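S.K.: Model the structure of this input:
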Amino acid sequence: MRLSTKYMGLELKNPLVPSASPLTEKLDKIKVLEDNGASAVVLFSLFEEQIEQADSNLEHFMDYGTDSYAESLSFFPKAHEFMSGPEDYIENVAKIKAGVDIPIIASLNGATPGGWMEYAKKLEAAGADGLELNIHYLPVDFNETSADVEKRYTDIVSWVKDNVNIPVSVKIGPRFSSLPAVAKALEGVGADALVMFNRFYHPDIDLENLETKRQIQLSQARDIRLPMRWISILRGNVHMSFAASGGVHSAHDVLKLTMAGADVTMLTSALMTQGPELIKKIEEDLIVWMDENEYKSLEQMKGSMSLIHSPSPKTLVRDNYMRTLLDFQANNKF
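M.R.: Next up is the predicted model:
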């Protein structure tokens, strides 16, 4: 009970939730995560493109005339490159739900309002306890305004919330002109939680072959500062649950994010490098630290370091910026 938390209406025994990754794709791996203390899991994502490619007519038109624009098609994955099709994903959700006792959160990854959103209803019917909408979108249209981009998010969330009864979280990136306004807008269309943040995979350039090079760099502990900062700003002003994603590697990371206002802390990179046993170790380390510092529960510390406790948040943010620069200058003589 000391580590229990509530996330988008789900009662969880602790805040340690493995996020969408290859570790949460199959039942046997998820059972290992459950055995090591995971309180819930976010399943490997089902992509908008997978759903669209399942339509054989779309496949036909994608291949038709390939010779005339082969370069553009080469950027888009073929159906066989995905691990499974949408119907296989639905069956897998049902299988996983029947095989574990912890809540299962399905993941839909898309960016364009359309038919793929119908699968939210199928995922609910398959037994998912919740749904994470991973809206991974990087604007490249110079005629698309910030208001257009934000409307894209609220349109997707609004439709899904109107068509399912399970709780819905929204995984977003940090690049909005006013993230607090976006958070309020998502709250307004019914989102139950914000997952902060999505990671944009920036391609490199291969100078030898003169082509783009795709790669994933796993997170490090210092990466928690971005979600920690924004969760501390939103906590208490936006009435949704908050999940911190990116950089959680230890009990200290979990404690900091909880004090900022996170309801759950999601793990992927640390589990990939240190194994699922890390969940159990973090859980044990949390209890030790709480005993030493006389905390009876995580709930007691949740949001204790958020900006809602500041009489002047705007002044505090500017003060932090200036003091950080001055402290650096004072400690580093040039």
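
S.K.: For the chain, just list every one of the helices.
M.R.: 27-35, 48-53, 56-63, 70-73, 86-99, 119-125, 146-163, 179-188, 225-234, 251-260, 269-274, 277-292, 298-301, 313-331 (DSSP state H).

S.K.: what's the closest of these to residue 9?
M.R.: helix 146-163 (12.9 Å; C-beta to C-beta). All C-beta atoms are positioned from the backbone trio N, CA, C, and that covers glycine.

S.K.: Now do the same contact list for residue 170.
M.R.: 132, 133, 135, 153, 157, 186, 191, 193, 194, 195 (C-beta atoms under 8 Å, 6 or more residues apart in numbering).

S.K.: among the helices of the chain, which gets the worst mean confidence?
M.R.: In terms of mean pLDDT, the lowest-scoring of these is helix 70-73 (a mean of 38).

S.K.: which residues touch residue 2?
M.R.: 287, 290, 296, 297, 298.

S.K.: ok, and the most crowded of those?
M.R.: residue 298 (22 neighbours; other C-beta atoms under 10 Å).

S.K.: From residue 235, how far off is that one?
M.R.: 14 Å (C-beta to C-beta, to the nearest Å).

S.K.: if we can go back for a sec, could I get the helices of the chain in a markdown table, plus columns for distance to residue 206?
M.R.: Below are the helices of the chain laid out as a markdown table (distance: least, C-beta to C-beta, whole Å):
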| stretch | distance to residue 206 |
| --- | --- |
| helix 27-35 | 32 |
| helix 48-53 | 24 |
| helix 56-63 | 26 |
| helix 70-73 | 17 |
| helix 86-99 | 33 |
| helix 119-125 | 36 |
| helix 146-163 | 30 |
| helix 179-188 | 34 |
| helix 225-234 | 28 |
| helix 251-260 | 34 |
| helix 269-274 | 24 |
| helix 277-292 | 34 |
| helix 298-301 | 45 |
| helix 313-331 | 35 |
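
S.K.: And those: which comes nearest residue 207?
M.R.: Across the helices of the chain, closest to residue 207 is helix 70-73 (C-beta to C-beta), at 20.0 Å.

S.K.: That'll do, ta.
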